[in-house]
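> Got a predicted model here, sequence first, then my questions.
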Amino acid sequence: MKRSLYSLTLGGLGIGITEFVMMGLLPDIATDLSITIPQAGHLISAYAIGVVIGAPLLIVIAGSYPPKKILIALMLMFTAFNALSAFAPDYPTLFLARLLAGLPHGAFFGVGSVVASKLAEKGKEAQAVSLMFAGLTVANIAGVPLGTYIGHHFLWRYTFVIVVIVGIATLLSLKYWLPALPAIKNRNLKQELNFFKLPEAWVIILMISIGTGGLFSWYSYIAPLLTDVSGFSADSITYILILAGLGMFVGNLIGGRLADRFSPAKACVVLLLSMAVTLTIVHYISENQVLSLIMTFVTGAVAFGLASPIQMLMINTAKGSEMLAASVSQASFNIGNALGAFLGGIPLAAGYDYTSPVFVGTLMALTGAAFAWLLIARNKRSALALQTIKAS
């Protein structure tokens, strides 16, 4: 692994902690701010909405600058708004802070994905991108469980102080380790925005926005699922989240290799169908603690295997507007975050138990797989049409 990629991995670590730790902190935040768990779940959606807004907007504004400067500016925003989250006095302020903290998320991964692919050896681009996303998985192995433990035993605000510290470390590593790649010369913003005229772009956006929601329908409510249904103690959630993070780490690396060996689109179909199967299994085995632990690892691995195939699929589709497209994929991923948390909460609000959100996730994953299959079929038709034209 090149040292230059470590700075991107470290940024992914900070982003991963602040995004995923909310799932483990929901009961603590709800108690401290005197709100319900579904209301606390809206903080997850607030962050996701911030990503959706900020990802394309910040790339449009800053896309003409050198990638290194863009990444440093984005990490400054990220660090400042997470500091605001740590000191938010009430629910409305925390909601706003979470929304603002999400703004630089998608743009950071969008620019970082393009930088990682350019620094990679030929034929190993997806694996390089997966190394950047490894920061997210390490967050789920170490950062999220640590933050959850601190939230349970001390104060949830301290968790965001840790995020701020990681943000500062990322800023220093970006400054001293990341090479100064040139800015895009003669940038044509209008031409970049033509990316949104491609039918393939919208198929991918729908695939990500709906399909990855399957992960968040499950993961957003994993803490009450494990305590209320599986019968684990609140103290054990920290260790179970480490298990989920290990699964994500393994799945992320496998996903990068699948995308390089076969194709990003085929990898997405296989992984989304696998997610639907694993979520269905979760519903039926959640009362068994041993099987719950096994499926926590497996579901995390399958779901996070999608990270680099999705990113490479978007980059390969958007020649000439790679940074914008890569940021849009992150925005779409967080639409999935918001949809998964929101739709998964509907059966809970209706009085069903904490296994009900995974059925919502199964349907979302199957829908995402259908869009991925549609993309493959469309590409095959386009390739056949091109061959026919050449033959004539």
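Sure, I can see it.

> Please identify the helix or strand for the most centrally placed residue in the chain.
Centroid check for the chain by CA atoms, centre = their mean gives residue 333 as the closest residue, at 5.7 Å. Using DSSP states H and E, residue 333 sits within helix 322-349.

> Pull out the buried residues from the helix or strand following that helix.
Per DSSP H and E, the first helix or strand lying C-terminal to helix 322-349 is helix 356-391. Neighbour-count burial for helix 356-391 flags 356-375 (criterion: 16 or more other CB atoms under 10 Å). Yep, even glycine has a C-beta here, placed from its N, CA and C like the rest.

> Report all helices and strands that helix 356-391 contacts.
helix 199-211, helix 213-219, helix 264-285, helix 322-349 (3 or more CB pairs under 8 Å, 6 or more residues apart in numbering; DSSP states H and E).

> mean pLDDT lowest for which of the ones you listed?
Among the helices and strands packed on helix 356-391, helix 322-349 has the lowest mean pLDDT, at a mean of 84.

> now the angle from that helix to helix 356-391?
150 degrees (axes from the mean of the first three to the mean of the last three CA atoms, to 10 degrees).

> name the helices or strands packed onto helix 322-349?
By 3+ CB pairs under 8 Å, 6+ apart, helix 322-349 packs against helix 37-62, helix 91-119, helix 199-211, helix 213-219, helix 307-317, helix 356-391.

> Of these, which stretch is the most buried?
helix 213-219 (a mean of 30; mean count of other CB atoms under 10 Å).

> elements contacting that helix?
Counting by 3+ CB pairs under 8 Å, 6+ apart, helix 213-219 packs on helix 264-285, helix 289-304, helix 322-349, helix 356-391.

> What is the subsequent helix or strand relative to that helix?
Taking DSSP H and E, what comes next after helix 213-219 is helix 222-224.

> Return the distance of that next one from the chain's centre.
How far helix 222-224 lies from its chain's middle: 19 Å, per CA atoms, centre = their mean, to the nearest Å.

> Just the endpoints, please. Distance across stretch 128-148?
29 Å (CA to CA, to the nearest Å).

> I'd like the average pLDDT over that stretch.
Rounded mean pLDDT across stretch 128-148 is 82.

> returning to that earlier point: what residues does the residue nearest to the centre of the chain make contact with?
By CB atoms under 8 Å, 6 or more residues apart in numbering, residue 333 lies in contact with 51, 106, 208-209, 212, 310.

> circling back to that earlier point, mind listing what's buried along the helix holding residue 333?
For helix 322-349, by 16+ other CB under 10 Å, it's 322-345, 347-348.

> Hmm, residue 163 and residue 146 touching each other?
No - counting by CB atoms under 8 Å, residue 163 is not a contact partner of residue 146; they are 11.1 Å apart.

> lowest-pLDDT helix or strand in the chain?
helix 189-193 (a mean of 76; mean pLDDT, DSSP states H and E).

> could you dump that one to CSV, C-alpha only?
Output in CSV follows, covering the C-alpha atoms of helix 189-193 (Å, rounded to 0.1, in the frame of the first residue of the first chain):
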residue,chain,number,x,y,z
LEU,A,189,-18.6,22.3,-16.2
LYS,A,190,-21.4,22.1,-18.7
GLN,A,191,-19.8,19.1,-20.3
GLU,A,192,-19.4,17.5,-16.9
LEU,A,193,-23.0,18.0,-16.0
